[in-house]
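Student: Provided below for reference: sequence and predicted model.
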Amino acid sequence: MKSALLLFMLVAVSVALTTVLPARADPDGEHKKTRGTFYTPEKVANARQNVDRYDWAKEMRDSAVQDAEHYLQYGVGRLWSMVTPQSLPRSFAVNLELGSPITGKEFNEKYGYRGWKADPLKDPWKLTDPSSGYKFPTNDFASYYKSGLNEHGIFDPEKADKKYLVNELYPEKGKYWGVDDGRGWVDEKGNRWTFVAYYNHWHVWHGGVVDGAVRAFRDAYLYTGELKYARAGTILLDRIADVYPEMNLEPYQEQDGFLNSHGGTGKGKIRGSIWEATASIHYLSAYDAFFPAMEKADIVPFLREKSQQYQMDNPKNSVSAIRKNIEDGLLRQIFPAVKKAQIRGNFGMHQQTLAMAAVVLDEPRTSQKWIDWIFQPGELRDHPDWHLTGGDVMATLVNQVDRDGFGDEPSTQYNSYWLTQIQGVADILEGYDQYPAADLYRNVKFRKMFDTRYPLVMGNRYTPRIGDSYLTGDPGITGTVEEHVAAFQRYGQPVHAQMAYLLNGNTTAGLHGDIFEENSQQVADDIRQVIEEKGPLNLRATHLAGFGFAALRDSGNPAKGRATVYPFSSLQQREATAEITQHRGPIHLETDESAKRIPEAFDIPDDYYGVTGAIQLEATEEGNRVSFRFQVPRTDRYRVELLPLLSSAYGRYEVQIDGEKVGLYDFYGMDPSGYKKLTQKRLEAGKHRLTLINRGKNPKATGYKLGLRALRLQPAPTADVSPASSHRGLWMYYGRNLVDRHGHKDTLNIGFHAYGLNLSPDLGYPDNFKNRMEWVSNTVSHNTVVVDKEKQQDSLTGIPHHFDQASRVQLIDVEAPFVYPQTEEYRRTTAMIQIDEDRSYAVDFFRIKGGEDHHFSFHAGEGTVATEGLQLVKQPKGTYAGEDVDYGEREPEQPEGWEYAGSGFHYLANVERDRRPDKPFSIDWKVRDTWSVLPEKQNTHLRLTMLNEVDDVALADGIPPRLPGNPERLRYLIAHRKGNDLESQFVSVIEPYREQRMIRSITPIHLTADGKKVNHHRAYALKVTLKNGRIDIIVNSLDPDTVYTVDGRLRFQGFFGVYSEKDGRPVYAYLNDGKQLAPPGKPLLKHPQGHLSGKIVDFTKGLQLDNEVTVQMEGNLKKAESLIGRTLFVQNDDQQNGAYPIKGVKHLRGNQYRLEIGEATLIRKYKDPHNPKKGFIYNIAKNQRWKIPLSAEWWAR
């Protein structure tokens, strides 16, 4: 099975129940719609006014008009006849596994399963195999189809003339070779090739002529008001309404060779239920757009003639009759299709389709009923047939969206789609005057979803690839400019303006609001003001306890001459002599049948390609060209760089800027490819044109195409000295680790970013099911600890105990009590300590108590590895699982698939071991810039020094998923300890550096209590000596009541402390959750209490923006405001942790205080998801204990 099944092909279910379609309404009745309700007159007027005022709006109009004119070439008569009925199958692949009947699987490897070419305008019903040049089907299907039209204009296979079912193209291969009657050709080996169904799916409907024309005519009419577009669009829409009620995917199932995106239900209308949700919404919005123009668009004569010719029930002799046909055949079909799961996708997808139907129909009782159903509790059920019982929007927001705004999927990629989909519902309902209470932008949970992007950003270049997410270490920030512009417009938070600015390439050029807004340019001025007053995004530490994520950050001085980056997908095209498409990578192949058991389906993307984020010029000959407009933010001398795609199908291109040739570039080759310098020249502020003209191809190239990712403008002085970003960041993930929700068994995993690179990347998205279950999602492939050679068990949350962000020290401390039942303790404490503005290091304490085997796993990015303190001996064969265990050979006692719970050690190859390692030892990775994100090469390292004793150490290769651009291998460190009822304390210093280290030495130091040496795993101290002369002493203890003597001279009582001296004098001290940190003489830090504690008195019970917790405090609090920025840790039932940030404090009376926690709700879920009136279950309760750790710093004057 294909790894595509990770997204769509789920449990193989054959549903053989009869579908009763809704009866067509009385054709003699009246239509109900009376006005434009989504595209209101005000919105349309705004759009046309913006077109008159702003170049960006003119470009949107020009693009829409260009597309619409392309479809007008077909003529309305041909467009009308291209709408195919239920009797013709649809399938998204010709043969997903085998590729091509000529070149086989090589086709998939080179072109992907969507690589088949077609030209519906010039060569209808024909597919061309680009790997061989063969065309299919080999018969004249166009004539066969036409001969089968019955008296109602509907294709009837029984009526079609069989004389057209003959191989006309390649008769030497046999009379019926390659012949397709609509249900596919079965070759001599019994393989089915669904050429016609594929053509029908991709070139008629989904992204094809019919769907593309509807959208193009809609947009062109909205932006221009020209009636020719409304006329063509209405005629096409009316024909879709003729056939839509009977459309039903159930007769066309996978076992018959027809593949569709339905998530295993077999349900759908034109296409699978998932893609139906994303496609049918455009029919609905198009009706709203065309509605005001129908009286003037001269649609009646054409449609009346068609009605008479094909004996239709609706005479279509008036605009009213045509409107009623569209309302009955399209709008009124949506609600029953959604309830029957024929239109059903991810959360938000079918809800927005139904919301659009309700708003566009605008029939008071009916529209209100549909909108009520969207919010009504419900679920997908399979008895007696698949169906939905409610849209479940409110219950999902309350029960499945956490207090930080994240959905219940660990993957940062999958989680990102939650906002994308539900925002569609919000945008449709916002401003609908018949149901103002349905405005989701007022909902606190929905509002929080906009805050799920920026807290994850590392180095202003990356979103951590947690779970099944993207690629191995690739750059990219989750979220879009448009999302953050919308959030800033509605909520006014500066961070959303900073994110929009960052995602826009660190410029306000080109920023604007929605084209349908009045004064949509104002938001660019508002964002510019935020940047001038507050500067660009510069995050410090972040803690998202609801999601289970913490980031420690040091940013240093922002680099001068910040680069401006333009993804080509966002640049306006000024001309193109060939089609521009979104580039998609190769298909992800999978052969494991158990992949069918994936329990959910997702529309990301709407096929099974890897997504590159690039565009592709479908050039076919020399001279093809494309040009783009880009904005230079300020006059300067720039290094202009291009991030291309390379492919065996790409040609040579001359590159011009403003008509001046700046180079000739050959795009033939293999990815990955980094930024390539085009030129260095002075560019004036304002608009410029980049043009690429094909000048032939490499003799080995198979085509003339062009692939482009991004354009980067680097101020030349910055580019010359090649400074890299000084951002440093360390993150820890301790949230959901559910593999069936696209998570990994990665609790307490950490990652490191520094100097512009992802230095310790997660593996990201898997490439096949076996690999996913046994390696990519397994614990050992992450920077965490494996206990007893087993993957972690399911866990919904870790329990954080400390989080702090002082000026020099930041730390996160989390326990994970549920991942290994045999352990009493599984806890990680990680701190980042600043050396200077450009450098930091981390100290990491990982403690485990219980089990018999502890394997500490850590890896950095792609590159070479050096060691110190190790005598490694190469293992002659096998894997880390053993010399006699081959790569990928799982343990014989372990089941396959979902039930696999083993070590994953059989995926670690090329093993070297030291069975008696020294203490300490170091591993130094020289990290390659795999994704070419830096303007110049730099010597970047990540070094880990381990101080504790271990029984053996190994280095081994872990192989990332074989997806485009991923590194070939990563080198893993495995440090192993064993013993009965084992207690381990893995202590490491993790040091990112460029060129030269700043750390001179790292040594453990003596720790005593009551005069006795401390040997247990609950406390540790070490000394880090820096080359600048500073000496840092770091101490950490899980027994904060014990007074320790550190290095024979320093008294410490607390959880975490840092003491720094230079030239024998103290210069800095930090104490967290402690009472004293004292060198000989006067104590630097001494406090009566290391933390505050008490009981919960009361808290906010409703779902609202401002939330509070009232506490009874034990002890005294001198300054209430000192708690702002600290964290309240409530000792709740641990189903979810009880950590909340303190945003404000108010003294009530005595020792009672009200702690303000902002938008973080205290509601966990509904008591009864089917009956919200029964109230909520809360995450905390009255009389539960709580704790607020305190911290303090001391600086030498």
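Tutor: Received the coordinates, thanks.
Student: State the mean pLDDT of stretch 1056-1072.
Tutor: Here stretch 1056-1072 scores 96 as its mean pLDDT.
Student: Same question for stretch 479-495.
Tutor: Per-residue pLDDT values over stretch 479-495 give a mean of 95.
Student: Just give me the longest strand of the protein.
Tutor: Using DSSP state E, we find that the single longest strand of the chain is strand 823-836.
Student: For the stretch 901-1050 of the chain, which residues score under the pLDDT cut-off?
Tutor: For the stretch 901-1050 of the chain, no stretch is flagged by pLDDT under 70.
Student: switch to 80 and redo it
Tutor: The model of the stretch 901-1050 of the chain has pLDDT under 80 over residues 935, 964.
Student: May I see the buried residues of stretch 621-636?
Tutor: Within stretch 621-636, the residues that count as buried by 16 or more other CB atoms under 10 Å are 624-633, 636. Every C-beta, even on glycine, is put in place using the N, C-alpha and C of the backbone.
Student: try stretch 867-874
Tutor: In stretch 867-874, the ones that count as buried by 16+ other CB under 10 Å are 867, 870, 872.
Student: Quick check: phi and psi on the residue nearest the centre of the chain?
Tutor: For the chain, the residue nearest the mean C-alpha position is residue 413 (2.3 Å; CA atoms, centre = their mean). When read as degrees, to the nearest 10, the backbone of residue 413 gives phi -80, psi -60.
Student: Out of the helices and strands in this protein, which is least certain?
Tutor: Within the chain, no helix or strand scores below helix 716-721, which has a mean of 49 by mean pLDDT, DSSP states H and E.
Student: ok, then the element right after that helix?
Tutor: Using DSSP states H and E, the helix or strand that directly follows helix 716-721 along the chain is strand 728-733.
Student: what's the burial count for residue 158?
Tutor: 7 (other CB atoms under 10 Å).
Student: OK, contacts around it?
Tutor: Contacts for residue 158 were tallied using CB atoms under 8 Å, 6 or more residues apart in numbering; they are residue 148.
Student: Kindly indicate whether the closest residue to the residue nearest to the centre of the chain other than its chain neighbours is helix, strand or coil.
Tutor: Nearest non-adjacent residue to residue 413, counting by CB to CB, 6 or more residues apart in numbering: residue 469, 3.7 Å away. When classified by DSSP: H, G, I helix; E, B strand; the rest coil, residue 469 comes out as coil.
Student: With residue 337 instead?
Tutor: helix.
Student: Give me the neighbour count for it.
Tutor: Around residue 337 there are 30 residues (other CB under 10 Å).
Student: hang on, isn't it packed against residue 269?
Tutor: Yes - the pair residue 337 / residue 269 is scored as a contact, 5.9 Å apart, by CB atoms under 8 Å.
Student: pretty sure residue 59 contacts residue 570?
Tutor: No - applying CB under 8 Å, one finds residue 59 not in contact with residue 570, separated by 11.7 Å.
Student: Please give me every residue in contact with the residue nearest to the centre of the chain.
Tutor: Counted by CB under 8 Å, 6+ apart, residue 413 has contacts 465, 467-470, 478, 604, 742, 765.
Student: Please tell me how far it sits from residue 881.
Tutor: With distances taken as CB to CB, to the nearest Å, residue 413 is found 30 Å from residue 881.
Student: where's the dip in pLDDT among the buried residues of stretch 621-636?
Tutor: At the low end of pLDDT for the buried residues of stretch 621-636 is residue 633, which has 84.
Student: Setting the sequence-adjacent residues aside, check what's closest to it.
Tutor: Once flanking residues are discounted, residue 633 sits nearest to residue 507: 4.2 Å by CB to CB, 6+ apart.
Student: per-residue pLDDT, that neighbour?
Tutor: 84.
Student: again with residue 723
Tutor: pLDDT at residue 723 comes out at 41.
Student: before we move on, back to that, mind putting the contacts of residue 413 in JSON lines, distance to residue 235 included?
Tutor: Below are the contacts of residue 413 laid out as JSON lines (distance: CB to CB, whole Å):
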{"residue": "465", "distance to residue 235": "47"}
{"residue": "467", "distance to residue 235": "47"}
{"residue": "468", "distance to residue 235": "44"}
{"residue": "469", "distance to residue 235": "44"}
{"residue": "470", "distance to residue 235": "42"}
{"residue": "478", "distance to residue 235": "41"}
{"residue": "604", "distance to residue 235": "34"}
{"residue": "742", "distance to residue 235": "43"}
{"residue": "765", "distance to residue 235": "43"}
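Student: Quick check: closest non-adjacent residue to residue 1186.
Tutor: Closest residue to residue 1186 apart from its sequence neighbours, by CB to CB, 6+ apart: residue 1130 at 4.7 Å.
Student: how many other residues sit next to that neighbour?
Tutor: Residue 1130: 21 neighbours (other CB under 10 Å).
Student: With residue 1012 instead?
Tutor: Residue 1012 is flanked by 7 other residues according to other CB under 10 Å.
Student: and what of residue 730?
Tutor: 29.
Student: Skipping its backbone neighbours, what lies nearest it in space?
Tutor: Residue 730 sits nearest to residue 552 (CB to CB, 6+ apart), 4.8 Å away.
Student: Am I right that that neighbour is in contact with residue 731?
Tutor: Yes - counting by CB under 8 Å, residue 731 is a contact partner of residue 552 at 7.5 Å.
Student: These two: which is more packed in?
Tutor: It is residue 552, of residue 552 and residue 731, that has more neighbours when counted by other CB under 10 Å, with 28 against 23.
Student: so that one sits in a strand?
Tutor: Yes - assessed with three-state DSSP, residue 552 lies in a strand.
Student: if I look at it, how far off is residue 105?
Tutor: Using CB to CB, residue 552 is found at 46 Å from residue 105.
Student: What of residue 1113?
Tutor: For residue 1113, the distance to residue 105 (CB to CB) stands at 68 Å.
Student: who has more neighbours, those two?
Tutor: Ranked by neighbour count (other CB under 10 Å), residue 1113 and residue 105 place residue 1113 first, with 19 against 14.
Student: and residue 400, what does it touch?
Tutor: Applying CB under 8 Å, 6+ apart, we find residue 400 in contact with 347, 407-408.
Student: In strands, which of these fall?
Tutor: Among the contacts of residue 400, no member lies in strands (by DSSP E).
Student: Out of the residues you listed, which one has the weakest pLDDT?
Tutor: Where pLDDT dips furthest among those: residue 347, at 89.
Student: from memory it sits against residue 396, does it?
Tutor: Yes - the pair residue 347 / residue 396 is scored as a contact, 5.6 Å apart, by CB under 8 Å.
Student: Give me the ChimeraX select line for the contacts of residue 413, limited to the buried ones.
Tutor: Applying 16+ other CB under 10 Å to the contacts of residue 413, the buried members can be selected in ChimeraX as follows:
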select :465,467,468,469,470,478,742,765
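Student: Which member of the contacts of residue 413 is positioned nearest residue 233?
Tutor: residue 604 (29.0 Å; CB to CB).
Student: Now the helix or strand residue 368 falls within: buried residues?
Tutor: Assessed by DSSP H and E, residue 368 sits inside helix 364-375. By neighbour count on 16+ other CB under 10 Å, the buried set for helix 364-375 is 366-367, 370-371, 373-375.
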